[in-house]
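Colleague: Next input, structure requested:
(one chain, ligands or ions: 2)
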Amino acid sequence: MKRIFSGMQPTAHLHLGNYLGALRNWVKLQDGGDFECIYCVVDLHAITAGHDPDVLAGSTREIAAAYIAAGVDPSKTVLFAQSAVPAHVQLMWLLSSMTQMGKLSRMTQFKDKAGKNSEKAGLGLFSYPVLMAADILLYHATHVPVGEDQKQHVELTREVAGTFNHRYGAFFPLPEPLILGAATRVMSLRDGTKKMSKSDASDMSRINLTDTADQIAAKIRKAKTDPLPFPETLKDLEDRPEAANLITIYAAVGGLDVEQVLSRYAGGPFSGFKQDLADLLVEHVAPITSRMNALLAAPEEIDRILAAGAEKAQDLAAPVMDETFRRMGFWNKG
Ligand code: AMP
Ligand code: TRP
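Modeller: Ligands and ions are numbered 1, 2, ... in the order given. Next up is the predicted model:
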């Protein structure tokens, strides 16, 4: 059986990049029936960049609600919070003994987040990819649907799995990243060379799944473009990152090719295109937002779903954890 594992951090509200790059694909994969799907709220990862203890639990519920509102079905998938299954951390420790520091120091996400002052970065931020490898390998996942930015981490996971298999005998499948859809890297609305991100200081840079219709319309209206007319060909999009981003978002949300969007609006003003894009986004995002709000009005129901998911996850993880300890020669493990 092919098995999927993926997760998102409960660090802030989810945005359009999370939705188009990952969440929407998770739902398609669940509904396609070819995979057993495990979807996790990776709360242990969320503490690596500093966090507020007063909001962590609420954010964890909010991300779970976003998954469900977008179409993740807790009865067809395993939906749980990472901290509820201690084996993630146990496996991470075992895998850390076969992960090279040099490789971790070359991870783009670490370099971006640590910035210039990497001496002061926490060990958790540095070893973040080892925990991610543990998440995936603990369930013998074969496929990992993520946005483009996480590909490097899935590749590291394959290398760590390969090292384990070489040292202790073939055990972990080498997982493949699944990078799907038209918008695998959604860019900031303020700067088309930066990815849309939860951590950008400007809320105008992103569309949040919790935004109102008015907020969405204002953000698209004010989104950066350039003074040139609406492009006509793919070649015209070169060196116009902001235009390319908005057109890619339109194509992804509207289920069109970029060429179809170009021929629909070619020669016209950006303003008409932006108005239509805002309407399209509102049409897609508003139902998710209202389902999310309804779910968040009954947090005890979300807690019940997460607790039931954690039990299922625990049952899948326990034999893999035992066998990993056994192969590594630990006392009393067989
Ligand atoms: P994170 O917000 O870092 O927890 O990311 C959760 C998921 O969303 C991962 O699969 C990311 O690859 C994906 N993702 C995050 N930002 C973007 C973006 N700007 N464009 C496309 N996918 C993204
Ligand atoms: N690192 C991922 C991100 O920042 C989140 C994540 C943690 C993840 N563990 C995972 C994604 C396992 C896929 C599989 O987006």
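Colleague: what ranges do the strands span in the stretch 101-250 of the chain?
Modeller: Assigned by DSSP state E, counting those that start in this stretch, the stretch 101-250 of the chain shows strands spanning 143-145, 176-178.
Colleague: what about the first one, near ligand 1?
Modeller: This means strand 143-145. No. For strand 143-145, no contact with ligand 1 is found by Cβ under 6 Å from any ligand atom; the gap never falls below 7.2 Å. Every C-beta, even on glycine, is put in place using the N, C-alpha and C of the backbone.
Colleague: From the contact counts, what lies against that strand?
Modeller: Contacting strand 143-145 under the criterion 3 or more Cβ pairs under 8 Å, 6 or more residues apart in numbering; DSSP states H and E are the following elements: strand 2-8, helix 24-32, strand 176-178.
Colleague: buried residues in the last one?
Modeller: For strand 176-178, the neighbour count (16 or more other Cβ atoms under 10 Å) marks 177, 178 as buried.
Colleague: Sheet partners, orientation included, of that strand?
Modeller: As defined by DSSP bridges, the strand partners of strand 176-178 come to strand 143-145 (parallel).
Colleague: pLDDT on the partner strand, on average?
Modeller: Per-region confidence: strand 143-145 scores 97 on mean pLDDT.
Colleague: show me what contacts the closest residue to ligand 1 within the stretch 201-334 of the chain?
Modeller: Nearest to ligand 1 in the stretch 201-334 of the chain, going by Cβ to the nearest ligand atom, is residue 206, at a distance of 8.2 Å. Shown in contact with residue 206 (Cβ atoms under 8 Å, 6 or more residues apart in numbering): 15, 16, 17, 188, 189, 196, 197, 198, 200, 219.
Colleague: okay, the residues you listed in TSV with neighbour count, pLDDT and distance to residue 167 next?
Modeller: TSV is the format used below for the contacts of residue 206 (neighbours: other Cβ atoms under 10 Å; pLDDT from 0 to 100; distance: Cβ to Cβ, whole Å):
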residue	neighbour count	pLDDT	distance to residue 167
15	23	95	40
16	24	95	42
17	25	94	37
188	23	97	42
189	24	97	47
196	25	96	40
197	18	92	37
198	15	87	37
200	17	91	41
219	21	97	50
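Colleague: what's the pLDDT at the residue of the stretch 201-334 of the chain closest to ligand 1?
Modeller: 97.
Colleague: can you check residue 267 too?
Modeller: 84.
Colleague: Residue 270 too?
Modeller: Confidence score, pLDDT, at residue 270: 89.
Colleague: how many other residues sit next to the closest residue to it other than its chain neighbours?
Modeller: Closest residue in space to residue 270, ignoring its immediate chain neighbours: residue 225 at 5.1 Å, by Cβ to Cβ, 6 or more residues apart in numbering. Residue neighbour count, defined by other Cβ atoms under 10 Å, stands at 18 for residue 225.
Colleague: Report the separation between residue 225 and residue 216.
Modeller: 17 Å (Cβ to Cβ, to the nearest Å).
Colleague: and the stretch 151-300 of the chain, which residues reach ligand 2?
Modeller: Counting by Cβ under 6 Å from any ligand atom, the stretch 151-300 of the chain sits next to ligand 2 at residue 153.
Colleague: make it 8 Å
Modeller: 153, 154 (Cβ under 8 Å from any ligand atom).
Colleague: out of the strands of the stretch 101-250 of the chain, nearest to residue 333?
Modeller: strand 143-145 (27.7 Å; Cβ to Cβ).
Colleague: Which helix or strand contains residue 76?
Modeller: Per DSSP states H and E, residue 76 falls between elements, in no helix or strand.
Colleague: tell me the pLDDT at it?
Modeller: For residue 76, pLDDT reads 97.
Colleague: roughly how far apart are it and ligand 1?
Modeller: When distance is defined by Cβ to the nearest ligand atom, to the nearest Å, residue 76 is 20 Å away from ligand 1.
Colleague: Ok, residue 152 next?
Modeller: 11 Å.
Colleague: you'd agree that residue is up against residue 104?
Modeller: No. Applying Cβ atoms under 8 Å, one finds residue 152 not in contact with residue 104, separated by 11.0 Å.
Colleague: I'd like to know which residues of the stretch 1-150 of the chain are adjacent to ligand 1.
Modeller: Residues of the stretch 1-150 of the chain lying near ligand 1 (Cβ under 8 Å from any ligand atom): 6-9, 11, 14-18, 20-23, 42, 45, 145-150.
Colleague: Pull out the buried members of the residues you listed.
Modeller: 6-9, 11, 14-18, 20-23, 42, 45, 145-147, 149-150.
Colleague: what subset of those is also close to ligand 2?
Modeller: Near ligand 2, by the rule Cβ under 8 Å from any ligand atom, you find 6, 7, 8, 9, 22, 42, 45, 145, 146, 147, 149, 150 out of these.
Colleague: and the residues you listed, which two are the farthest apart?
Modeller: 45 and 145 (16.8 Å).
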